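Participant: Coordinates for the following, if possible.
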Amino acid sequence: MTANNDAAPDLTRLPAPLDRDRYEASRHGVFDDPQITVYRNEAGDFAFLDPLPSADYLHYEPRAEKLGLTGYKKQRAVFEHRLEQVADIIGAADSFIEIGTAEGGFLECLHNWSPDRRYIAIEPDGNTRAARAALPWLEDHMSTTQAIDSGCTADCIGMFHVFEHLIDPQPMLDDVRHLLTPGGRLLIEVPCLRDPLLAVYESDAYEAFYFQRQHPYVYTGASLGRVLEAAGFTVEETRSYQRYGLENHLNWLRTGKPGGNPQYRAMFTELETDYRRALEASGDSDTVFVIARPAS
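Facilitator: Residues are numbered from 1 along each chain as shown. Purely as a prediction, here's the structure:
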């Protein structure tokens, strides 16, 4: 559904320098709220919701859990595939902090891969604390402030599908700068507005599903890089990463719904790797990594 040209909202709420872009309304209504409008900038590399929603991230329930898709996500070996994309970045660090750790699944994957590294979690959600406490090698903090006050630092800090939730990312980036050792790297993974179901296949059903209250901002590598540079970071590299493959895309185009399809999975298994690589090479990927350092 294409929106009419509405009066522009208050852009001063957006992170710099995106507050200086020009925007148009691109659709009315998101997955979980028909009263929210999606605005995109002229470059097509950033979108935001208006009014900007608020969410209780102390008791955060991912949408996959709400829709009963956690089994499908686990089947896809999300953590292992992420590690394949960024093993060189994390592997170069002697210590690693994950902000937004949840139960600690990715850190457990990292520890199994390289057990001698120091691993630190920062997660405010008390509901997942018991799962993290079961990992004896893991240092656990409730907030970046708590970690800073304890003198905690690390050579690499990862934020995986966290940054798009931050309505004001500047305080978090200030804390990251304090937590990084000299020469340390920040590794951010976010959903990408160049998702092929939007940018290539132009699926109306997927667009209606894609935008949601829990993601007030949707970036590309370019727009995220601009935010980081305005906040005093130097972007080293941007990596396109396609998480969902041909099975998922064909299922969306056929049914207009999320989830897998066993028939497509069996038919196209041998094509999946080449398909994802082609999308990543084109820059039309559902996810993007940005690697940055504090500017000297």
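Participant: Now do the helices in the stretch 151-296 of the chain.
Facilitator: For the stretch 151-296 of the chain, helices defined by DSSP state H, counting those that start in this stretch occupy the ranges 170-179, 196-199, 204-210, 221-230, 246-255, 262-268, 272-282.
Participant: So what does residue 142 look like in phi/psi?
Facilitator: Torsion angles at residue 142 (phi, psi; degrees, to the nearest 10) stand at phi -80, psi -20.
Participant: how many other residues sit next to it?
Facilitator: The number of residues packed near residue 142 is 15, by other CB atoms under 10 Å. Every residue, glycine included, has its C-beta placed from N, CA and C.
Participant: Ok, the one 5 residues further on next?
Facilitator: Look at residue 147: counted by other CB under 10 Å, it has 23 neighbours.
Participant: Show the contacting residues for it.
Facilitator: Contact analysis of residue 147 by CB atoms under 8 Å, 6 or more residues apart in numbering lists 97, 120, 122, 141, 179.
Participant: at 10 Å what do you get?
Facilitator: 97, 99, 120-122, 139-141, 153-154, 175, 178-179 (CB atoms under 10 Å, 6 or more residues apart in numbering).
Participant: Adding distance to residue 44, write the helices of the stretch 151-296 of the chain out as CSV.
Facilitator: Formatted as CSV, the helices of the stretch 151-296 of the chain follow (distance: least, CB to CB, whole Å):
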stretch, distance to residue 44
helix 170-179, 24
helix 196-199, 9
helix 204-210, 14
helix 221-230, 10
helix 246-255, 21
helix 262-268, 29
helix 272-282, 15
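Participant: Relative to residue 34, which of the ones you listed is closest?
Facilitator: Comparison of the helices of the stretch 151-296 of the chain against residue 34 by CB to CB identifies helix 204-210 as nearest, at 10.4 Å.
Participant: Could you check how far the closest one is from the centre of its chain?
Facilitator: 18 Å (CA atoms, centre = their mean, to the nearest Å).
Participant: Render the CA-only coordinates of that helix in CSV, please.
Facilitator: Below are the C-alpha coordinates for helix 204-210, written out as CSV (Å, rounded to 0.1, in the frame of the first residue of the first chain):
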residue,chain,number,x,y,z
ASP,A,204,3.3,-6.4,-1.2
ALA,A,205,2.6,-9.1,1.4
TYR,A,206,6.2,-9.0,2.6
GLU,A,207,6.2,-5.2,2.9
ALA,A,208,3.1,-5.3,5.0
PHE,A,209,4.9,-7.8,7.3
TYR,A,210,8.3,-6.3,7.2
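Participant: Point out where the stretch 1-150 of the chain drops to low pLDDT.
Facilitator: By pLDDT under 70, the low-scoring segments of the stretch 1-150 of the chain are 1-7, 55-76.
Participant: can you map out the helices along it?
Facilitator: Ranges of helices within the stretch 1-150 of the chain are 63-66, 70-75, 78-91, 105-113, 129-133, 144-149, based on DSSP H, counting those that start in this stretch.
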